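Enquirer: kindly generate the corresponding structure for this input.
(one chain, ligands or ions: 1)
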Amino acid sequence: MAISTLPEPPVKTMPSVAEIRADFPILDIEVHGHPLVYLDNTASSQKPIQVIEAMNRYYREQHANVHRGIHYLSETATSAYEDARRRIARFIHAGSTKEVIFTRNTTESLNLVAYSWGRANLGPGDEVLITEMEHHSNIVPWQIICEITGATLRYVPITDRGELDYEALDALLTERTKVFAFTAMSNVLGTINPVEELVAKAHAVGAIAVVDAAQSAPHMTTDVQALDADFLAFSSHKMLGPTGIGVLYGKRDLLEAMPPFMGGGDMIREVKMSGSRWNDLPYKFEAGTPAIAEAIGLAAAVDYLSNLGMDWVLQHERELTEYAWERLHEIEGLRILGPGPERRGGLLAFVLGDIHPHDVAAILDMEGVAVRAGHHCAQPIHDHFCIPATSRASFYIYNTREEVDKLVNALYKAKAVFAF
Ligand code: C6P
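Expert: Below is the predicted model of the structure:
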C-alpha cells in the first residue's frame, strides 16, 4: 500500500495534560516518598499505554520472523512490520518507504551513513564538516571514517550564546566539503538550528547534508522533503517509543548507490560461494532479524504524537520552557547554557554555583525529581564553556508547571545543603 493511501490515524479531540498523563503508568510511581517528576526526557522519554499495548498484542497474537515464512504468523508479522514502516514514513513525510531504514538508534543510523556513504565517497583532499555542538554519535563516526579514508574533519565553532557561528560556517563550507553533518537541536544548549537553511548551504557547495534529528523528531514536525535533507537520523526511545529501534531516512538515489553497512540474512538477493548480490531498498541495509515488536511500538508512538499534533507538542514545551527559564533565573548563582527560550527546545542545562552537577542531581533525586547530570555525550560543548559537566532538566508532553515549581524548590534545597 502506498503511503498516501494509508488511512489517517483516528482523530480524537485534544486531551488535557492530565488526560495525557493518565496514559503513562510510570508517572504514578513514587521516588523516595515523592511523586515522580520526570525531567530527563532528552535522555529517553516515558511510554504511553498505547505503545506498551501494541507491543504486548504483537507478542501475544502476531509474533514470528518477518520476510521469511509463508505461514500465517510470519505473514501477519511481516505485514505489521511493513505497516509500521509506512506510518513512520508518513510521520516524516518521506516520499517512499524504500527511504526508511530501521536501525537500532540514531547512533547506528549515523554510523551507517559514515561507514557506507563515507567509505565509498571520501578520500584525501575531501572535507567533512560537523559542528562543535554535536553529540558524540555525530562526531566519533566521522573521526573514524576520516582516519580510514584520509579525509579531513572540520568543525563549525559555536558562539558563547550557544549558537552556530554563521560567519565561520560560510568560510568553512567550500567545494572541498563533501558532507555537512549537524544536529537539528542540541541536547545540551537546546539550540534549534535552521535545518532547511543549513541543508541549502551544504547543497550550494555540492556537499550532502546529514541531519541528526534525535532531539528534533520527538518535539516538532519533521518533513524530510521540505528540508531536502539527504540523510536524517532519529531514535524511537526519545519519542514515546521503545528502545532498540531507530530510523535512518535517506534519499533513494544515494541509498541505491551505497554499499551495504552490514552483511547477513535478509539484506541479500542471492549468495553464492563466489560472491553475493544485494536486496532492494530498504532491506539492503537491514541485515538479520529486525526489531519487529519495537517497529510496531514506534509506529504506535508516532500515531500518538500525530494525534496530539506536533505543533501542539512544540507549543506545550515552549510554554513550559519559558516558564522554567524565568523561574530558574530567580535562583541566584544558577547559569543556563544556550540561547533564550524563543530559540531553544524544551531543555535547560545549567550549573548551580560551584556545586558539582552530580551532587545537584542526587539532591533533586531525593525530592523525586529526575534530571540528568554529566557531559551528556557532548564533551566539546562543555570544553567550549570550560566546565566538565552540567545538570539538565528536559520536558515532554506530560510535564506541567507544577513540576517546574518542584524542580525550583528542590534546587533551593540543594543550595541550602551546600550553604551558598
Ligand atoms: N542523547 C542525552 O541524554 P541514541 O543514544 O543513539 O538513541 O541517541 C544518540 C544521540 C544523538 N544525537 C543527539 C543530539 C542526542 O541527544 C543523542 C542522545 C541522550 O542527551 C543520550 S546520550
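Enquirer: please count neighbours and contacts with C-alpha atoms only from this point.
Expert: Noted.
Enquirer: who in the protein is up against the ligand?
Expert: With CA under 6 Å from any ligand atom as the criterion, the chain meets the ligand at residues 42-43, 105-107, 135, 137, 183, 186-187, 212, 214-215, 235, 376-377.
Enquirer: from the residues you listed, which ones fall inside strands?
Expert: Per DSSP state E, strands hold the following members of those: 183, 212, 235.
Enquirer: tell me how far the helix or strand harbouring residue 302 lies from the chain's centre.
Expert: Under the criterion DSSP states H and E, the helix or strand holding residue 302 is helix 292-308. With CA atoms, centre = their mean, to the nearest Å as the basis, helix 292-308 stands 15 Å off its chain's centre.
Enquirer: stretch 241-250 too?
Expert: Relative to its parent chain, stretch 241-250 has a centroid offset of 9 Å by CA atoms, centre = their mean.
Enquirer: identify the residues contacting that stretch?
Expert: Residues from elsewhere that reach stretch 241-250, judged by CA atoms under 8 Å, 6 or more residues apart in numbering: 45, 47, 51, 94, 99-106, 108-110, 229-237, 291, 294-295, 297-302.
Enquirer: before we move on, what about stretch 111-121?
Expert: Identification of contacts with stretch 111-121 by CA under 8 Å, 6+ apart yields 137, 141, 142, 145, 148, 149, 231, 258, 259, 260, 261.
Enquirer: quick check on the residues you listed: which are buried?
Expert: By neighbour count, with 16 or more other CA atoms under 10 Å, the contacts of stretch 111-121 hold 137, 141, 142, 145, 149, 231, 258, 260, 261 as buried.
Enquirer: and which of these is nearest to the ligand?
Expert: Nearest to the ligand among the buried ones among the contacts of stretch 111-121, counting by CA to the nearest ligand atom, is residue 137 at 5.4 Å.
Enquirer: surely that closest one and residue 130 touch.
Expert: No - Residue 137 is beyond contact range of residue 130, at 11.4 Å (criterion: CA atoms under 8 Å).
Enquirer: state the pLDDT value of the residue positioned nearest the centre of the chain.
Expert: Among the residues of the chain, the one closest to the centroid is residue 214, at 1.3 Å (CA atoms, centre = their mean). Note for residue 214: predicted pLDDT of 98.
Enquirer: and the gap between the spatially closest residue to it that is not a sequence neighbour and residue 59?
Expert: Residue nearest to residue 214 in three dimensions, not counting chain neighbours: residue 234, with 4.2 Å by CA to CA, 6 or more residues apart in numbering. To residue 59, residue 234 is 25 Å away according to CA to CA, to the nearest Å.
Enquirer: quick one, domains of this structure?
Expert: Annotated domains of the chain cover 17-43+309-417, 51-307 [automatic domain parsing].
Enquirer: verify the stated contact: residue 62 with residue 72.
Expert: No - the criterion here is CA under 8 Å, and residue 62 misses it with residue 72 at 9.1 Å.
Enquirer: which sections of the stretch 251-400 of the chain are below the confidence cut-off?
Expert: Within the stretch 251-400 of the chain, no range satisfies pLDDT under 70.
Enquirer: how much space separates residue 368 from residue 102?
Expert: Distance, residue 368 to residue 102, using CA to CA: 35 Å.
Enquirer: what does residue 399 give?
Expert: Going from residue 399 to residue 102 by CA to CA gives 29 Å.
Enquirer: who's more crowded, the two?
Expert: Between residue 399 and residue 102, residue 102 has the larger neighbour count (other CA atoms under 10 Å), namely 25 against 22.
Enquirer: so what's the closest residue to the more buried one other than its chain neighbours bridging to?
Expert: Excluding the flanking residues, the one nearest residue 102 by CA to CA, 6+ apart is residue 247, at 4.8 Å. Listed beta-bridge partners, residue 247: residue 102, residue 234 (assigned using DSSP bridges).
Enquirer: neighbours of residue 247, how many?
Expert: For residue 247, the neighbour count with other CA under 10 Å is 29.
Enquirer: now do residue 273
Expert: Residue 273 has 5 nearby residues by other CA under 10 Å.
Enquirer: check the one 10 residues further on too.
Expert: Around residue 283 sit 21 other residues, with neighbours defined as other CA under 10 Å.
Enquirer: check contacts around the residue lying closest to it once chain neighbours are set aside.
Expert: Once flanking residues are discounted, residue 283 sits nearest to residue 267: 5.2 Å by CA to CA, 6+ apart. Residues near residue 267 by CA under 8 Å, 6+ apart: 278, 279, 280, 283, 284, 285, 286, 287, 288.
Enquirer: tell me the buried residues within those.
Expert: Among the contacts of residue 267, the ones that count as buried by 16+ other CA under 10 Å are 278, 279, 283, 284, 285, 286, 287.
Enquirer: distance of residue 150 from the ligand?
Expert: Residue 150 is 25 Å from the ligand, where distance means CA to the nearest ligand atom, to the nearest Å.
Enquirer: over to residue 156?
Expert: As judged by CA to the nearest ligand atom, residue 156 and the ligand stand 16 Å apart.
Enquirer: the nearest residue to that residue once chain neighbours are set aside: what's it in contact with?
Expert: The shortest distance from residue 156 to any non-neighbouring residue, by CA to CA, 6+ apart, is to residue 131 (4.4 Å). The contact partners of residue 131, by CA under 8 Å, 6+ apart, come to 154, 155, 156, 157, 158, 164, 181, 182.
Enquirer: and the strands in the stretch 101-250 of the chain?
Expert: For the stretch 101-250 of the chain, the strands defined by DSSP state E, counting those that start in this stretch occupy 127-131, 152-156, 177-183, 208-212, 231-235, 246-250.
Enquirer: what is the third one packed up against?
Expert: Under the contact criterion of 3 or more CA pairs under 8 Å, 6 or more residues apart in numbering; DSSP states H and E, the helices and strands touching strand 177-183 comprise strand 127-131, strand 208-212.
Enquirer: what is the last one packed up against?
Expert: It refers to strand 208-212. For strand 208-212, the elements it packs on are strand 177-183, helix 195-204, strand 231-235, judged by 3+ CA pairs under 8 Å, 6+ apart.
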